[in-house]
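J.: Predicted model, plus sequence, below.
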Amino acid sequence: MIEMEALTKVFGGITAVSEVSLRVEQGDIFGLVGPDGAGKTTLLRMVCGLINPTSGRVTLFGGRQKKDAGNFGYMPQRFSLCGDLTVMENINFFGSLYKLDRKTVRERADEILELTKLSQFKSRFAEDLSGGMKQKLALTCALVIRPGMLILDEPTFGVDPEFRKEFWKILYMLNRDGMTIFVSTPYMDEADLCKKVALLDRGKIVAVGTPDQLKKQIKNKIIEIKADVKDLDFLGELPEVDDASFYGDRYHVSVPVVEPAKISISRLLSEKGIAISFMEEITPSMEDVFVSLTEKEVV
Amino acid sequence: MDNAVITTRELTRTFGSFTAVNKISIEVGQGEIYGFLGPNGSGKSTTIRMLCGILEPTSGSGTVLGYDLAREAEKIKRKIGYMSQKFSLYDDLTVYENLDFYAGLYSIPHRERKKRIGEMIDMALLKGREDELAANLSGGWKQRLALGCAIISRPSILFLDEPTSGVSPTSRRTFFKIIQRLANENTTVMVTTHFMDEAERCYRIAFISEGKLIADDTPENLKNNVIKGTLAEVVHPNALYIIDDIEKLPYVKECSNHGPVLHVLLESENAIQALNYYTGVEAKIIRPSLEDVFVSLAKQNRRQVS
Amino acid sequence: MSRILAILKKEFLQMRRDRLTLGMVFALPLFQLLLFGYAIQTEVKHIPTAVFDQSLSAESRDMMEAFSASGYFDVYYSTGGYAEITNMIDSGRAKVGIIFPPDFSENLKKGDTATVQVLVDASDSMSSSTAIATANAIGLLKSQKIFIQKAQLTNLPYDIRVRPWYNPDGITAYYMVPAILGIIVTMTMVMMTAVAIVRERERGTLEQLMVTPIRSFELMIGKIVPYIGLGYLQITVALLVGALVFHVPIRGSLLELYVLTLFFITASLGLGILISNIAKNQMQAFQMSFFVLLPSIMLSGFLFPREAMPLVIQYIGDIIPLTYYLVIIRGIVLKGIGFPYLVSQVAALLVFSVVLVTLSIIKFKKKIA
């Protein structure tokens, strides 16, 4: 569906995206994951044809329908709707940009609003919607053209966890009906929801693969510790430990070899009189993956 | 509370006919990291702005460090630090100039200023970038510079309004380590966040929804007390497709996904067999996480409202 | 004090880095002066004129000569009929039509009154009044000459000797350049400070300032003072252009001019900062600035003499700082007068400064809503 070959974008001496080659296949939920300033938005804009790459090439749909924007829906990063129009007026306006007639728009809108649970807010002004609902309205607008592919730029940025869950559920529903989804996100837990993930850091692809593949890629093991104190930063100073960092109410400790590390951690904590209620090796999370792949460079 | 540095009594703020903050009463002890959680637009920022003395309460009262919110706002401002999600820095000033500017606003004497700015630069890991324009910094650095500006006056209370949105996980961790250190040095920190793992770092959490305080307790107590029923974890290949169906089962109270894993709240432990039979996979009983608590509280409140 | 210094330093740094704005501060007086200094001429000369001479005599040609020699009438067309003249004036190709009747020369020789008809397009009052006055004067002068000959007099009974002081040659630029300088300064100062507070509001940095211990007056003073320097820079550029390009003589004391200008700059800055405190966004600030600046141009005596305005309008002009500054700068530059003659104007500007800045300080609340 999308093929990127050595895509590069330079803005006045600063390389925002550097030689990115990726393939998004039909039926994928492909996640582009990375922090702010990693180059996610620039990459997506190049894919959508909104900006021209400095070098490299992007091909959509095998090059057959390259310039036709009607074949994919795009949801830009920030709220891009008219605040002083109602939900339905926004949808109609969007439909009219693609020259859809009113009746078609209305039929499709009813269907999509049902899915996004916005049906009861049809006549509410867009600016009076909450953050999550605004994002869902933006999604509805992008869907009105019935695209075969959806490109979303940080659709859940700054939205609370409950709305994020709901939003992803909708994406899954759409994907089940055959839609290809290419989505960017700064949230590591959302990376776990993608069928395929590309980790982007400062313009470069750090890793690509399914979440499971990526988790196997990291060499270090992760030990999760729960103790009766919250600050265990000092564990990072043990020679057996590469990195220690809080993870919710637990600590994740990155180690090359599990058993000797466990022994010296137990010893150190008992010396300090800290009780351990849990200490096990666990499957790394996507956040562990990201941190281990980028840790030493990014502060 | 004996060592309370922030207390509010029925603090309320309305904008026209809209009640942004509705009779919120809280107490924050000295040296605590106090987390403020809630959906977007629930009134978190409005509350923090009132506590910082830049927004007048419509009714109710409150004190910060013993000073009255309504009458002694200016006295409060001398002793607090505030950082908003916008990282309000001057893009056209350098790292050093930004810090120097705030040092001047807090009247830090010249003899001490250099030393204090140096401390902030060390703290924010900005060494070697002192002469770079703030505009050229990326997310994590901007965030820590904004923090440096907010704490250069060594405030007794630090208010952080979504300080970690949009920065990398690594920067988030670094940031919270700094916050933890400040708290260890007896700075009180009040922070709003959407990240549950950050919420776990708080000593106490207030959960607000639609302007109302729904829960206010330690993370441990919240996890133990809020969720009524048995929480089961289901790992299923089609997890996100079956959420709605599972939620319709008679013995299921709630169902949501945590990443690709489902968390199913059951009426009782006995229902687990039925669930296993339905999904075809083995469910595991787990302790609720804060995220479960958050989702559950948000849903409960929405049900009550509608 | 440390807080004011902090704001001052920050504003200076920001100003220095904002190359475009800085460039404007210099370019504005340069280009505006060059443009308007040449363009604005209150004296109308070279009025396109059409003639229908039915007399075709030495006398009519002599009269025509007198019209041309005055410099006010440029005789472009000689026409063959009344209708043609009407047509030329209607179409705007000529603004004045001069018609000599067939008996013009005979009447003159007979000693009767010889009529010349002068048609004037009075839709433009400025050029028409000049045309009318000049035509009358030419008629009178010509008549005088004949009277003197006939009465065999050597000189006229009355001699009114007019001495145009300060600008004897009536050079418009002398009068306009100092005034344009005033306009430029007030424009720049108001615009710059009008966005000073709103800009920070829009960027979100104002919220950060509000939680610091800074006081309202410290912020206002800190925001105003750096622009005073900028105002002086601008005035220096403008005076140099005035002196070097337009050769405007500066008759009074330059030092005095600089000192008294301070009050005008602060009044303008005060106006700007007040706008900035009222406006909700930069767009509004700009609109309000224009709302204030247009009357400054029209009612201050910059373009039209205030004496000619209805009393009510004059009162409105009284609440515009530029009105007073024009008196000061024209007084010092052209008339060479000093402070003792300008006390009331300086006092007015001082009152403006104090009132505007005080209002701003009161208006600025360290609250979001």
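T.: Yep, that arrived. Residues are numbered from 1 along each chain as shown, chains lettered A, B, ... in the order given.
J.: per-residue confidence for residue C:320?
T.: Residue C:320 is assigned 93 on the pLDDT scale.
J.: Wait, it touches residue C:293, no?
T.: No. The pair residue C:320 / residue C:293 is not scored as a contact, 9.8 Å apart, by C-beta atoms under 8 Å. (C-beta placed from N, C-alpha, C; glycine too.)
J.: shaky segments in the stretch 101-250 of chain C?
T.: For the stretch 101-250 of chain C, applying pLDDT under 70 flags no range at all.
J.: Helices of that one, start to end?
T.: Using DSSP state H, counting those that start in this stretch, the helices of the stretch 101-250 of chain C run over residues C:104-110, C:125-151, C:172-194, C:196-203, C:205-210, C:216-244.
J.: any idea which of the ones you listed is most buried?
T.: Counting by mean count of other C-beta atoms under 10 Å in any protein chain shown, helix C:172-194 has the highest mean neighbour count of the helices of the stretch 101-250 of chain C, with a mean of 24.
J.: Is that helix positioned near chain B?
T.: No. Using C-beta under 8 Å from any C-beta of the partner chain, helix C:172-194 never reaches chain B; the gap is at least 15.3 Å.
J.: In the stretch 1-150 of chain B, which residue sits closest to chain C?
T.: residue B:104 (2.5 Å; C-beta to the nearest C-beta).
J.: where does that residue fall, phi/psi-wise?
T.: Main-chain dihedrals, residue B:104, degrees, to the nearest 10: phi -70, psi -40.
J.: Grab the nearest non-local neighbour of it.
T.: residue C:6 (2.5 Å; C-beta to C-beta, 6 or more residues apart in numbering or on different chains).
J.: Mind pulling up the pLDDT for the one you found?
T.: 93.
J.: show me what contacts it?
T.: Counting by C-beta atoms under 8 Å, 6 or more residues apart in numbering or on different chains, residue C:6 makes contact with B:100, B:101, B:102, B:103, B:104, B:105, C:222.
J.: For chain A, see how far away the last one is.
T.: Residue C:222 is 32 Å from chain A, where distance means C-beta to the nearest C-beta, to the nearest Å.
J.: Could you verify my assumption that that residue touches residue C:8?
T.: Yes. Here residue C:222 lies in contact with residue C:8, judged by C-beta under 8 Å, at a distance of 5.2 Å.
J.: Wait, a helix at residue C:368?
T.: No. Counting by DSSP: H, G, I helix; E, B strand; the rest coil, one finds residue C:368 to be coil, located in no helix.
J.: before we move on, back to that, got the contact list for the residue of the stretch 1-150 of chain B closest to chain C?
T.: B:113, C:2, C:3, C:5, C:6, C:7, C:9.
J.: So for the second one, what's the nearest residue that isn't a sequence neighbour?
T.: Same thing as residue C:2. Using C-beta to C-beta, 6+ apart, the nearest residue to residue C:2 is residue B:107, at 4.4 Å.
J.: Can you name the residue of the stretch 151-299 of chain A nearest chain C?
T.: Going by C-beta to the nearest C-beta, chain C is nearest to residue A:158 of the stretch 151-299 of chain A, at 15.0 Å.
J.: Name the nearest residue to that residue, sequence neighbours excluded.
T.: Nearest non-adjacent residue to residue A:158 (C-beta to C-beta, 6+ apart): residue B:165, at 5.7 Å.
J.: ok, the one you found - contacts?
T.: By C-beta under 8 Å, 6+ apart, the contact set of residue B:165 is A:157, A:158, B:85, B:194.
J.: who wins for neighbours among these?
T.: In terms of neighbours by other C-beta atoms under 10 Å in any protein chain shown, the contacts of residue B:165 top out with residue B:194 at 23 neighbours.
J.: Let me see the contact set for it.
T.: Applying C-beta under 8 Å, 6+ apart, the residues near residue B:194 are A:158, A:159, A:160, A:161, B:37, B:162, B:165.
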